[in-house]
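Engineer: Attaching a predicted model along with its sequence, questions to come.
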Amino acid sequence: MTEHRSHILHGIMGEFETPDELLSAAKKARDAGYKHIDAFTPIPIEGLAQAIGFRWTAVPLITLIGGVGGGLTGFGLQYWCSAISYPMNIAGRPLNSWPAFIPVTFELTVLGASIFAVVGMLALNKLPQPYHPVFNIERFAGASTDRFFLLIEARDPKFDPAGIARFLQDLSARHVTEVKDEE
Amino acid sequence: MSVTQPPVNSPEIRHLDPVLEPGHTFASVTDKISSVVLTRPLGIGWLAGFALTFTIVNVLFISIAWLIIKGVGIWGINIPIGWGFAIVNFVWWIGIGHAGTLISAILYLLNQKWRTSINRFAEAMTLFAVACAGLFPLIHTGRPWMAYYMFPYPSTMGVWPQFRSPLIWDVFAVSTYGTVSLLFWFVGLLPDLATLRDRAKKRYQQVIFGMLSMGWRNSARHWHRYQSAYLLLAGLATPLVLSVHTVVSFDFAVAIVPGWHTTIFPPYFVAGAIYSGFAMVLTLAIPLRKAYGLEDFITMRHLDNMAKVMLATGLIVAYGYFIEFFMAFYSGNKFDVFLAEQRLHGPYSHFYYALILCNILTPQLLWFEKVRRNVAALFVMSLIINTGMWLERFVIVVISLTRDFMPSAWGRYSPTFWDYSTFIGTLGLFVMLIFLFVRGLPAIAIAEMRELVEHEGHSKGARS
């Protein structure tokens, strides 16, 4: 980042050394009334998403929709092809010979559910997203090795840079930095 | 933080090797695995191996080009043996792929911590094996550019694929399997690609891993959705992997050919697939851990566990062989009885005896702990089992086709040079892709290894 550009503040970020420190800091920040919190960790930490106020994810529902859609498409395709579009009498067997349609129906159910699970997960996470203000912090690369970060965003109604910096330091954060976004 | 102490000698764990050697931290596992991709220079061994396998891949290209010029007549196939090597190799390769999905999905659902350090390259193995497998039916059609005929598309002729045929089920099963394996692999890689992006020093590495990681930033919200998606994918891949080899076995079992038309085929094919797949994982893991000093991550515990899985699935396969014979004689069907006798005394009986030796007799040595803990012995054993599983498919495909119902329809099959060159070519392709993979992407799941460090630290109560 060059100095002459103007910046807006994205949030205040504190760095922690252990998952437990981060988890308790996240809980305290939540208790202190902050709403827009995010945490960054090299491993998924149980309870952290809940601690920053994120409980429900739509991924399972999206996967279910993909699976049901895939299955219906699979059976519908076979039924339509075999019984409606080009009915062929093969050894007097019923046109809708549904037991023979099960394998393809099953495969397309799994295919639909899997594609929806992955695309849904990426879309909800708003990925791909090559730029994000947190990447401006040099030490942030540690979030993929052994550092744990807590971010309180500027859009939080209780946002007050100096107060939050002190708050994070009191929670034993090692480095407290301002996260700036390019305007 | 996360400094693990030597494991406490509690009675339950004393006799088990650790799944991760003690003393590792988040940083040490991350460094060690990512350095193979990011900083380690290309050694002479890698270059020589790559050059050799690349040469073999060219043999594959030449074989396919010649096939396209001349047609499938360059192979040893003819009526009555229309399947030959192409289908033998197809079933063999797809079976090998199954261990990757078993390790990554089923062992994940069963919460087996030891899967962590082998799942990534086992999944890569799955993808490459499925690629080799998919090639065979494609070129076996003789006109691979017409392969889209197998998919239901609105053609001017108005006809559709025959959805009551296992061969069409196979198209859907294998293409779904390939796609889902790729998705599962990519999702698993996502946090590791971000790790590599963050650690890359060279510009081209930063750009490539930056794009591949899609801006993953380890946010707790992202992790939450990620874990949900990963668990669901594991749950979806589990029935999928069982269905794929079941459908492959239907290619045989739905036909009325003696020796094929049996209900034991689906479970026995799935067990055989896992058997050969674990053998291939061992074939790859043993040189890999040695070459890149990954013995701390792929420990004797992993090798021992994989040997036990091979022993168990090998016994299921042995049971399958037994039931095939039992049912042939119990049914009293003269064609089935005749085929069983052909396996023992017919022109290809030496293949059958070699199969019994490779798949049933030799692996019984795995009952002994000394053998399971001898790396060299395990490596040789894995090669023997892979050979045995290939022979099994040869016995199934060829013997039944050479001895049909009518003596007038009997025939013989002998593979030609091009059969062998195509098969060896796919072996080269497979190994070359593995070579590229171990240097281009993290061969061990880094984020999951960090989780393992955290978990091991907690379970030993030693994390500071």
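Structural biologist: Yep, that arrived.

Engineer: Leaving out sequence neighbours, find the closest residue to the residue nearest the centre of chain A.
Structural biologist: When Cα atoms, centre = their mean is applied to chain A, the residue found nearest the centroid is A:Asn125 (3.7 Å). What sits nearest to A:Asn125 in space, not counting adjacent residues and going by Cβ to Cβ, 6 or more residues apart in numbering or on different chains, is B:His222, at 4.7 Å. To be clear about C-beta, it is placed using only N, CA and C from the backbone, and glycine gets the same treatment.

Engineer: so what's the one you found up against?
Structural biologist: The contact partners of B:His222, by Cβ atoms under 8 Å, 6 or more residues apart in numbering or on different chains, come to A:Asn125, A:Leu127, B:Trp216.

Engineer: check which helix or strand covers A:Asp20.
Structural biologist: If you go by DSSP states H and E, A:Asp20 is part of helix A:19-31.

Engineer: can you list the domains in chain A?
Structural biologist: According to automatic domain parsing, chain A comprises the domains A:7-56+A:133-182, A:59-124.

Engineer: what's the straight distance from one end of the last one to the other?
Structural biologist: Here the two ends of domain A:59-124 are set 8 Å apart, with distance taken as Cα to Cα, to the nearest Å.

Engineer: chain center to that domain: distance?
Structural biologist: Its chain's average C-alpha position is 28 Å from that of domain A:59-124, according to Cα atoms, centre = their mean, to the nearest Å.

Engineer: counting contacts, what elements does the helix or strand of chain B with the lowest mean pLDDT pack onto?
Structural biologist: Within chain B, no helix or strand scores below helix B:446-460, which has a mean of 80 by mean pLDDT, DSSP states H and E. Contacts defined by 3 or more Cβ pairs under 8 Å, 6 or more residues apart in numbering or on different chains; DSSP states H and E place helix B:446-460 against helix B:26-38, helix B:116-140, helix B:166-199.

Engineer: Give me the buried positions along that helix.
Structural biologist: B:446-457, B:460 (16 or more other Cβ atoms under 10 Å in any protein chain shown).

Engineer: Specify the angle between that helix and helix B:116-140 in degrees.
Structural biologist: 150 degrees (axes from the mean of the first three to the mean of the last three Cα atoms, to 10 degrees).

Engineer: does stretch A:30-45 come close to chain B?
Structural biologist: Yes. Counting by Cβ under 8 Å from any Cβ of the partner chain, contacts between stretch A:30-45 and chain B involve A:Asp38, A:Ala39, A:Phe40, A:Thr41, A:Pro42, A:Ile43, A:Pro44, A:Ile45.

Engineer: Out of those residues, list just those in strands.
Structural biologist: Within the residues of stretch A:30-45 next to chain B, residues falling in strands by DSSP state E are A:Asp38, A:Ala39, A:Phe40.

Engineer: is it possible to export those residues to CSV including neighbour count and pLDDT?
Structural biologist: Converted to CSV, those look like this (neighbours: other Cβ atoms under 10 Å in any protein chain shown; pLDDT from 0 to 100):
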residue, neighbour count, pLDDT
A:Asp38, 20, 92
A:Ala39, 28, 93
A:Phe40, 25, 94
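
Engineer: any idea which of those residues is closest to B:Tyr149?
Structural biologist: Here the nearest of those to B:Tyr149, counting by Cβ to Cβ, is A:Phe40; it sits at 50.2 Å.

Engineer: Verify the stated contact: A:Val104 with A:Thr73.
Structural biologist: No. Here A:Val104 does not reach A:Thr73: they are 10.1 Å apart, not a contact under Cβ atoms under 8 Å.

Engineer: quick one: which of those two has more around it?
Structural biologist: The neighbour count for A:Val104 versus A:Thr73, taken as other Cβ atoms under 10 Å in any protein chain shown, is higher for A:Val104 (24 against 15).

Engineer: before we move on, back to that, helices or strands next to the helix holding A:Asp20 in the packing?
Structural biologist: strand A:7-16, strand A:37-40, helix A:48-51, strand A:148-153.

Engineer: Mind pulling up the pLDDT for the spatially closest residue to B:Trp160 that is not a sequence neighbour?
Structural biologist: Nearest residue to B:Trp160 in three dimensions, chain neighbours excluded: A:Cys81, at 3.7 Å (Cβ to Cβ, 6+ apart). We have a pLDDT of 94 for A:Cys81.

Engineer: tally of neighbours for B:Thr426?
Structural biologist: 25.

Engineer: Give me the buried positions along stretch B:167-183.
Structural biologist: Taking 16+ other Cβ under 10 Å as the criterion, stretch B:167-183 shows B:168-183 as buried.

Engineer: out of those, which one sits closest to B:Leu383?
Structural biologist: Proximity of the buried residues of stretch B:167-183 to B:Leu383 (Cβ to Cβ) peaks at B:Ser181, which lies at 24.3 Å.
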